[in-house]
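> this one's sequence-less:
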């Protein structure tokens, strides 16, 4: 059942980047429906699975943080798409001293059958669904509140934390853009394409405004899916002709001028992100990070605090101001839970500008490290990276290789904290997410350099 509540009052805003988000004072069932974050756009979900690989094991990142976000007196239940790594479970419990939720597994293929299943359909006898039905919590949550999660909630007699409309609208880039444009916040040059035939006109208009490159954004997208860069507006025909139909699944695309150093007076370009938590009465901004993206805009990690913030406190002030504006908009949509606001920050010779790019209204790639860092080292710094290995190995072997560098709460103030492992089909680990915790950014970069030396990484080059 979706939540029913009276018209929301203005939430209390708390901006404190050195404390944990308050979380929920109740327990929950959390469904790791990562492939559901495009809602009913199955083509985008398939692209993500193909591009990222082992996507069903990414839900394991939730294991160490669920009990930090849902703090009721009972047990939480985490519904994963893949069995969690036993080696990490032991590390989280025995070494890190974390409380962990109960777990069960519901593969995405089974999850997708549920929206149209009849009440008496045998699919409801799936062991994971029986665990959900028997669980004592009154509420259910997920990466997104889509029609499948709502169908489960109704079948099981539980309530969702967010409304489906709030979750979907909160992730819609076009709706957010129209709002921030209309209230006068800075926006990049933007055209709208209702379908692929309108893309050439949009790109031509941007070229006339002096842009060399552009980006085409679907209204809904994540991890580089739903985003295509047009490298040259002098020759955009081939790129525009390859934009797939599913980009327009949720309406018109945004076609935006590409902001880059050396053009339009820009001397510096950054990608900060603000971490949010929203409940019924409050909006909490609890961290500012710098995003680490690859050349395809796939998220590879985050760093907090951004190294340039200490010398430019006016940057943080403006990021927090705009994060509050975006967070209040998200709260009014009916979304509840963790989220992030992603920005572009440009510097010219005499001034700077902060642009809101998007809201990710879900647990994001920065939620896991930020929550853990605030729990273990609230006054420190952190750095998260995805590390891919030349040779797939067991989880136990990875922990053994990291033995001298591990972060052990109560014994050291710096170290590497493995958050999650991504598996090959034969159960070995090909990639993982690793959190460096230390009092300073410099120490974290050294930790990452040492981890890359110790682990069988594809690249031995230190983080730059």
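That came in fine, so what should we check first? From a predicted model like this one, the values you see are computed outputs, not experimental measurements.
> Only C-alpha atoms from now on, for both contacts and neighbour counts.
Fine.
> any low-confidence regions in the stretch 301-450 of the chain?
For the stretch 301-450 of the chain, no stretch has pLDDT under 70.
> go again using 90 as the cut-off
For the stretch 301-450 of the chain, residues meeting the criterion pLDDT under 90 lie at 301, 349-350, 386, 404, 410-413, 422-427.
> the strands in the stretch 1-150 of the chain, which residues?
For the stretch 1-150 of the chain, applying DSSP state E, counting those that start in this stretch gives strands covering 12-15, 29-31, 77-80, 102-105, 139-142.
> Just put these in JSON lines and tack on mean pLDDT and mean neighbour count.
Listed next are those as JSON lines, based on pLDDT from 0 to 100; neighbours: other CA atoms under 10 Å:
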{"stretch": "strand 12-15", "mean pLDDT": "93", "mean neighbour count": "15"}
{"stretch": "strand 29-31", "mean pLDDT": "97", "mean neighbour count": "26"}
{"stretch": "strand 77-80", "mean pLDDT": "96", "mean neighbour count": "26"}
{"stretch": "strand 102-105", "mean pLDDT": "96", "mean neighbour count": "17"}
{"stretch": "strand 139-142", "mean pLDDT": "96", "mean neighbour count": "24"}
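> do you know which of these lies nearest residue 211?
strand 12-15 (35.9 Å; CA to CA).
> Show me what that closest one is packed up against.
Applying 3 or more CA pairs under 8 Å, 6 or more residues apart in numbering; DSSP states H and E, one finds that strand 12-15 makes contact with strand 282-293.
> Show me how far the strand it packs on is from its chain's centre.
Taking CA atoms, centre = their mean, to the nearest Å, one finds the center of strand 282-293 at 11 Å from the center of the full chain.
> How about stretch 341-351?
Using CA atoms, centre = their mean, the distance from the centre of stretch 341-351 to the centre of the chain it belongs to is 22 Å.
> swap in stretch 333-347?
Centre-to-centre, stretch 333-347 and its host chain are 10 Å apart (CA atoms, centre = their mean).
> Ok, stretch 102-122 next?
How far stretch 102-122 lies from its chain's middle: 24 Å, per CA atoms, centre = their mean.
> measure it end to end?
With CA to CA, to the nearest Å as the measure, the first residue of stretch 102-122 is 24 Å from its last.
> residues of it that come out buried?
103-108, 111-112, 114 (16 or more other CA atoms under 10 Å).
> Can you give the contact residues for that stretch?
With CA atoms under 8 Å, 6 or more residues apart in numbering as the test, stretch 102-122 has contacts from 33, 35, 56, 75-83, 123, 128-129, 131, 147-148, 151-152, 155.
> With distance to residue 420 as added columns, please give the strands of the stretch 1-150 of the chain in JSON lines.
Listed next are the strands of the stretch 1-150 of the chain as JSON lines, based on distance: least, CA to CA, whole Å:
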{"stretch": "strand 12-15", "distance to residue 420": "29"}
{"stretch": "strand 29-31", "distance to residue 420": "17"}
{"stretch": "strand 77-80", "distance to residue 420": "13"}
{"stretch": "strand 102-105", "distance to residue 420": "15"}
{"stretch": "strand 139-142", "distance to residue 420": "18"}
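> Of all those, which one is nearest residue 309?
Across these, residue 309 has its closest neighbour in strand 12-15 (15.8 Å, CA to CA).
> Run through the helices of this structure in chain order.
42-52, 66-69, 86-90, 108-111, 127-134, 147-156, 164-170, 173-182, 199-208, 237-241, 313-333, 367-376, 395-401, 441-454 (DSSP state H).
> so can I have a markdown table of those showing distance to residue 268?
What follows is the helices of the chain, written out as a markdown table (distance: least, CA to CA, whole Å):
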| stretch | distance to residue 268 |
| --- | --- |
| helix 42-52 | 29 |
| helix 66-69 | 36 |
| helix 86-90 | 39 |
| helix 108-111 | 42 |
| helix 127-134 | 49 |
| helix 147-156 | 42 |
| helix 164-170 | 29 |
| helix 173-182 | 23 |
| helix 199-208 | 21 |
| helix 237-241 | 27 |
| helix 313-333 | 13 |
| helix 367-376 | 25 |
| helix 395-401 | 38 |
| helix 441-454 | 20 |
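> what about residue 180, how many neighbours?
Neighbourhood size, residue 180 [other CA atoms under 10 Å]: 18.
> Can you tell me how far residue 67 is from residue 132?
From residue 67 across to residue 132, the span is 17 Å (CA to CA).
> What of residue 222?
Distance from residue 222 to residue 132, by CA to CA: 28 Å.
> Look at those two and report which has more neighbours.
residue 132 (23 against 20).
> which non-adjacent residue is nearest that one?
Excluding the flanking residues, the one nearest residue 132 by CA to CA, 6 or more residues apart in numbering is residue 29, at 6.9 Å.
> And residue 105, by the same measure?
Nearest residue to residue 105, sequence neighbours excluded (CA to CA, 6+ apart): residue 80, at 4.8 Å.
> show me what contacts that neighbour?
31-33, 57, 59-60, 103-107.
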